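# With the sequence up front, the predicted model follows.
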Amino acid sequence: MKELAIIFFCTWKFAATFPFAIYVLKMSFIETLVYTNIGGIIGTLTFVFFSDFLIKIWRRILPEGLVLNRKTKKKFTGRNRKLIKIKTRYGFYGIVILTPVLLSIPVGSFLTVKYYGKGRRNILWLITGQILWSFVYTFFYTKIKI
């Protein structure tokens with residue numbers, strides 16, 4: 001049951017799951033790597049395809065013609081500004097690196113699909129970034145534990 005909890009939590013907030021897995025559930029290095037990566041991969045795949053679905057629905061509901069005719073100026077919130085800043089400053093690879101650390105898997109997947117598409121290469125890069133961060137986090141937290 002603890003394995004399913006780790007897999008589920010890793011689909012949403014990847015970085016916050018490692019201390020819980022290592023300190024509370026007392027998982028080993030290998031167990032932590034396996035279950036967090038399974039959860040991260042499931043989360044990445046789920047949210048990439050869900051984001052693509054949401055974007056298609058949004059475009060169907062609000063076609064480009066309606067967007068051009070509106071008179072009100074678009075409001076930029078603090079969150080929108082941060083997301084655009086990440087996209088313009090760091091690009092695709094910045095999103096890949098920041099997704100498991102600062103962004104969550106759903107937000108990183110959505111930004112990737114929205115700005116760079118749902119290509120196989122993009123999905124593989126997201127998964128690769130998540131796997132690399134998994135090794136970093138697991139190594140770091142197991143060394144602190146000792």
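It's in. Treat the numbers as computed from the prediction; the structure is a model and nothing was measured.
# Extract the residue ranges of the chain that are flagged as low pLDDT.
63-74, 145-146 (pLDDT under 70).
# 50 instead, please
For the chain, no stretch has pLDDT under 50.
# For the spatially most central residue of the chain, which non-adjacent residue is spatially closest?
By CA atoms, centre = their mean, the mean C-alpha position of the chain lies nearest to I105, the distance being 1.7 Å. Distances taken as CB to CB, 6 or more residues apart in numbering put G43 closest to I105, at 4.3 Å, once the chain neighbours are dropped. Heads up, the C-betas are built off the backbone N, CA and C, glycines and all.
# now do Y141
Leaving aside its chain neighbours, Y141 sits nearest to I22 (4.6 Å; criterion: CB to CB, 6+ apart).
# where's that neighbour relative to S109, distance?
25 Å (CB to CB, to the nearest Å).
# what about those two, which has more around it?
Comparing I22 with S109 by other CB atoms under 10 Å, the one with more neighbours is S109, at 27 against 22.
# list the helices and strands the strand or helix carrying that one packs on?
Following DSSP states H and E, one finds S109 within helix 105-116. The contact analysis (3 or more CB pairs under 8 Å, 6 or more residues apart in numbering; DSSP states H and E) places helix 105-116 against helix 2-12, helix 29-61, helix 78-98, helix 120-145.
# Of these, which is nearest V113?
helix 29-61 (4.2 Å; CB to CB).
# buried residues in that closest one?
In terms of neighbour count (16 or more other CB atoms under 10 Å), helix 29-61 has its buried residues at 31-37, 39-41, 43-45, 47-48, 51-52.
# now that helix, how far from the centre of its chain.
Taking CA atoms, centre = their mean, to the nearest Å, the mean C-alpha location of helix 29-61 is offset from the chain mean by 7 Å.
# by how many degrees do that helix and helix 105-116 diverge?
50 degrees (axes from the mean of the first three to the mean of the last three CA atoms, to 10 degrees).
# and the angle from helix 29-61 to helix 120-145?
Counting by the same axes, to 10 degrees, helix 29-61 lies at 140 degrees to helix 120-145.
# so what does helix 29-61 touch, helix or strand wise?
Under the contact criterion of 3+ CB pairs under 8 Å, 6+ apart, helix 29-61 touches helix 2-12, helix 17-19, helix 105-116, helix 120-145.
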